[in-house]
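Visitor: I would like the atomic coordinates for the input below:
(chains A and B)
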Amino acid sequence: AQRVTQPEKLLSVFKGAPVELKCNYSYSGSPELFWYVQYSRQRLQLLLRHISRESIKGFTADLNKGETSFHLKKPFAQEEDSAMYYCALSGGGRGAQKLVFGQGTRLTINP
Amino acid sequence: DVKVTQSSRYLVKRTGEKVFLECVQDMDHENMFWYRQDPGLGLRLIYFSYDVKMKEKGDIPEGYSVSREKKERFSLILESASTNQTSMYLCASTQTGGFYEQYFGPGTRLTVT
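Guide: Numbers count the residues shown, from 1 in each chain, chains lettered A, B, ... in the order given. The predicted model follows:
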């Protein structure tokens, strides 16, 4: 069964400090992993995906298949990073379009 | 610019009422989804559709049905609304063929009293 776990419901850090949002997954095959973000009063949107190997808004995420993790990191947090973050998994094949989401982590950046 | 629109931002219904939530996308996407978003539970898939008139159950389909008569429109139906269906409902769409981004609507906050 596919499962995504975000162990932290809430995360609070100071501006300029490093940020790491944890994501662990359970899947028997080779999944594709995503991070989605929802800023206040905005719709949910894609932040980054593993397949693109991109850094978006200073965020990066590395897929660690040994630890089945896809943690989101940023070296220096900014106040505009405050948002709800969701990790998501796609199993590929015919169901490539389906996503399984984690519980979400609300990130607050304190000034 | 992809646009996914939902018919209502806020909706208040009474227990037992039949409720229709409408979603329209303008990017000719084959796949459309309905999720509910609850604090601490994340997004859970209710139903999805990969083509007109085609649908598959998601993880929590009980108490819901869907309709997709046209490619751009995907409706979620609560046959007899109950208080435990009070939630934020999100619609999304994406194209077929790979690990593409899902585009989300603004959400409908449904309250069942």
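Visitor: CA only for contacts and neighbour counts going forward, please
Guide: OK.
Visitor: Next, the contact list for the nearest residue to B:Ser7 once chain neighbours are set aside, please.
Guide: Distances taken as Cα to Cα, 6 or more residues apart in numbering or on different chains put B:Glu22 closest to B:Ser7, at 5.2 Å, once the chain neighbours are dropped. B:Glu22 sits next to B:6-8, B:73-76 when contact means Cα atoms under 8 Å, 6 or more residues apart in numbering or on different chains.
Visitor: show me where the chain has strands.
Guide: You didn't pick a chain, so chain A it is. A:3-5, A:10-14, A:19-21, A:24-26, A:32-38, A:45-49, A:60-64, A:69-74, A:83-90, A:100-101, A:105-110 (DSSP state E).
Visitor: wait, chain B
Guide: B:4-6, B:10-13, B:19-25, B:31-38, B:42-51, B:54-57, B:64-70, B:73-78, B:87-94, B:103-104, B:108-112.
Visitor: what is the mean pLDDT for the third one?
Guide: With pLDDT averaged residue by residue, strand B:19-25 scores 97.
Visitor: angle of it against strand B:108-112?
Guide: 180 degrees (axes from the mean of the first three to the mean of the last three Cα atoms, to 10 degrees).
Visitor: Identify the residue nearest whichever residue of chain B sits closest to chain A in space, chain neighbours excluded?
Guide: Nearest residue of chain B to chain A: B:Gly42, at 3.8 Å (Cα to the nearest Cα). Closest residue in space to B:Gly42, ignoring its immediate chain neighbours: A:Gln103 at 3.8 Å, by Cα to Cα, 6+ apart.
Visitor: A:Lys73 now?
Guide: Once flanking residues are discounted, A:Lys73 sits nearest to A:Glu20: 4.5 Å by Cα to Cα, 6+ apart.
Visitor: try B:Asp28
Guide: The nearest residue in space to B:Asp28 (Cα to Cα, 6+ apart) is B:Glu72, at 6.5 Å.
Visitor: burial of that neighbour, as a residue count?
Guide: Using other Cα atoms under 10 Å in any protein chain shown, B:Glu72 has 20 other residues around it.
Visitor: Spit out the contact partners of it.
Guide: With contact set as Cα under 8 Å, 6+ apart, B:Glu72 has these partners: B:24-29.
Visitor: Top of these by number of neighbours, please.
Guide: B:Gln25 (23 neighbours).
Visitor: so which residue of chain A comes closest to chain B?
Guide: A:Gln103 (3.8 Å).
Visitor: from what I can see that residue touches B:Arg44, true?
Guide: No: using Cα atoms under 8 Å as the test, A:Gln103 is too far from B:Arg44 to be in contact (9.2 Å).
Visitor: higher neighbour count, these two?
Guide: A:Gln103 (25 against 22).
Visitor: pLDDT at that one, what is it?
Guide: pLDDT, A:Gln103: 96.
Visitor: ok, it - contacts?
Guide: Taking Cα under 8 Å, 6+ apart as the criterion, A:Gln103 is in contact with A:4-6, A:9, A:86, B:39-43.
Visitor: Most widely separated two among those?
Guide: A:Val4 and B:Pro39 (15.5 Å; Cα to Cα).
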